[in-house]
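1. I would like the atomic coordinates for the input below:
(chains A, B, C and D)
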Protein chains: 2
Amino acid sequence: MARPSNAAETPEPADESYDLAEQVGFIMRQVAQRHVSIFNEIMGTDLTPTQWAVLARLYQDGGSSQNLLGRQTAMDAATIKGVVDRLLKRKLVQTKPDPEDGRRLIVELSPAGIDYTRELLPKAETVTKVTLAPLATNQRATLIALLKQLR
Amino acid sequence: MARPSNAAETPEPADESYDLAEQVGFIMRQVAQRHVSIFNEIMGTDLTPTQWAVLARLYQDGGSSQNLLGRQTAMDAATIKGVVDRLLKRKLVQTKPDPEDGRRLIVELSPAGIDYTRELLPKAETVTKVTLAPLATNQRATLIALLKQLR
DNA sequence: GGGATATCGTTCGTATACGAACGAGGATCA
DNA sequence: TGATCCTCGTTCGTATACGAACGATATCCC
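-> The predicted structure follows:
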């Protein structure tokens, strides 16, 4: 059986022209999948992209409250909690209450987490390089610029 | 506390230059989040982007085996099974064994699924339009072309 | 024919992702 | 001070996402 056709109906040009494979959302999902695959190959499977985002952000800026950390790494409160919990279990981060705000939980890298992150930084750069490898240098800049407009 | 510094160590230019917010993977995740948010607003919350991908693909091409359907919609065997199961529960798709291959399960739209998909197609096009709205027309084509090279 | 190999669907475990609801703590303002 | 509103962290439920392992079925090839 081919695509459900209805010769009796008035043709709707808009409907006929929809091709899943041409939609930005679908293409982006595929690109993201390739990127994660590259990430896993290069970084090793024991760390996820999301977990790495947290480590990298903490390495750059030092500790912050859990919610703020979530905002900085593009995760909502429920998601960042799970990620921080798993990093806590691996002793890569540590937490303490904020003395100035009883609601806040400060999250920061543990000494082991600092070392671990520093070791992985070159690999993380490689991940980006390999992901963008199919593009020419000027194309890479163009892509990043366009994507930033769609955030 | 700022970023963990080590004045005593030899500076590593590569490490110092890593900025999470500038990595393709991170930016793409943010763009994907915005896209899903737009999708939910326009389509209504009762259908996910992945479920929609299955409906749209089945509408375009008719039924196919569950595994092939997964490949066409960029999902692995375990993921497509869950999606098909949920669409089955909502009676938007139906399945039957492949008479020519005892291993295969043929998945196709139900009559209700065909109607439902047809109704949603214009909205799905709007999702893409709104997602790309911040870009000029020629920029949209450029972005799609670049992304396709990174699949 | 029959054994090696590959594919298909299923299940399990783990990790995002996020809406919704909740209680505790903080800030604002009358 | 106290009522109101906001923020923060937590928990629950649901839906991807995918590696790994498994049994059933096909196919290949000698």
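2. can you list the weak-confidence ranges in chain A?
-> A:1-16, A:45 (pLDDT under 70).
3. At the contact with DNA strand C, which residues of it appear?
-> Neighbours of DNA strand C within chain A, by C-beta under 7 Å from any atom of the strand: A:48-51, A:74-79, A:82-83, A:86, A:101-103. Backbone N, C-alpha and C define where each C-beta goes, glycine included.
4. Out of these, which is nearest to chain B?
-> Closest to chain B out of the residues of chain A next to DNA strand C is A:Ala74 (5.2 Å), distances taken as C-beta to the nearest C-beta.
5. in a helix, that's where the closest one is, yeah?
-> No: looking at A:Ala74 with DSSP: H, G, I helix; E, B strand; the rest coil, it is coil, so not inside a helix.
6. so what's A:Thr142 up against?
-> Shown in contact with A:Thr142 (C-beta atoms under 8 Å, 6 or more residues apart in numbering or on different chains): B:142, B:146.
7. what's the single longest helix in chain A?
-> Secondary structure of chain A read by DSSP state H shows that its longest helix is helix A:111-132.
8. re the thing from before, for the residues of chain A next to DNA strand C, name the two members farthest from one another.
-> A:Pro49 and A:Gly102 (32.6 Å; C-beta to C-beta).
9. Look at these two and report which has more neighbours.
-> A:Pro49 (18 against 7; other C-beta atoms under 10 Å in any protein chain shown).
10. Is there contact, residue-wise, from stretch A:76-84 to chain B?
-> No: Stretch A:76-84 does not reach chain B (C-beta under 8 Å from any C-beta of the partner chain); its nearest approach is 9.5 Å.
11. can you tell me if that stretch touches DNA strand D.
-> Yes: residues of stretch A:76-84 contacting DNA strand D under C-beta under 7 Å from any atom of the strand: A:77-78, A:81, A:84.
12. Just the C-alpha atoms of whichever helix or strand comes after the longest helix of chain A, please, in CSV.
-> Per DSSP states H and E, the first helix or strand lying C-terminal to helix A:111-132 is helix A:137-149. Extracted in CSV, the C-alpha atoms of helix A:137-149 (Å, rounded to 0.1, in the frame of the first residue of the first chain):
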residue,chain,number,x,y,z
THR,A,137,36.2,26.3,8.3
ASN,A,138,34.0,29.2,7.2
GLN,A,139,31.0,26.9,7.1
ARG,A,140,31.5,26.0,10.8
ALA,A,141,31.4,29.6,11.8
THR,A,142,28.2,30.1,9.7
LEU,A,143,26.5,27.1,11.2
ILE,A,144,27.3,28.2,14.8
ALA,A,145,26.1,31.7,14.0
LEU,A,146,22.8,30.4,12.5
LEU,A,147,22.2,28.0,15.4
LYS,A,148,22.7,30.7,18.0
GLN,A,149,19.9,32.7,16.4
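13. In chain A, which residue sits closest to DNA strand C?
-> Taking C-beta to the nearest atom of the strand as the measure, chain A has A:Gly102 as its residue closest to DNA strand C, at 2.7 Å.
14. how near is the nearest residue to A:Asp19 once chain neighbours are set aside to A:Leu109?
-> Spatially, and ignoring its direct neighbours in sequence, A:Asp19 is nearest to B:Gln60 (7.0 Å; C-beta to C-beta, 6 or more residues apart in numbering or on different chains). Applying C-beta to C-beta, to the nearest Å, the value for B:Gln60 to A:Leu109 is 48 Å.
15. burial measure for the nearest residue to A:Arg151 once chain neighbours are set aside, as a count.
-> Leaving aside its sequence neighbours, A:Arg151 sits nearest to B:Gln30 (C-beta to C-beta, 6+ apart; 4.6 Å). Here the number of neighbours of B:Gln30 (other C-beta under 10 Å) works out to 16.
16. ok, now A:Tyr116?
-> With other C-beta under 10 Å as criterion, A:Tyr116 counts 17.
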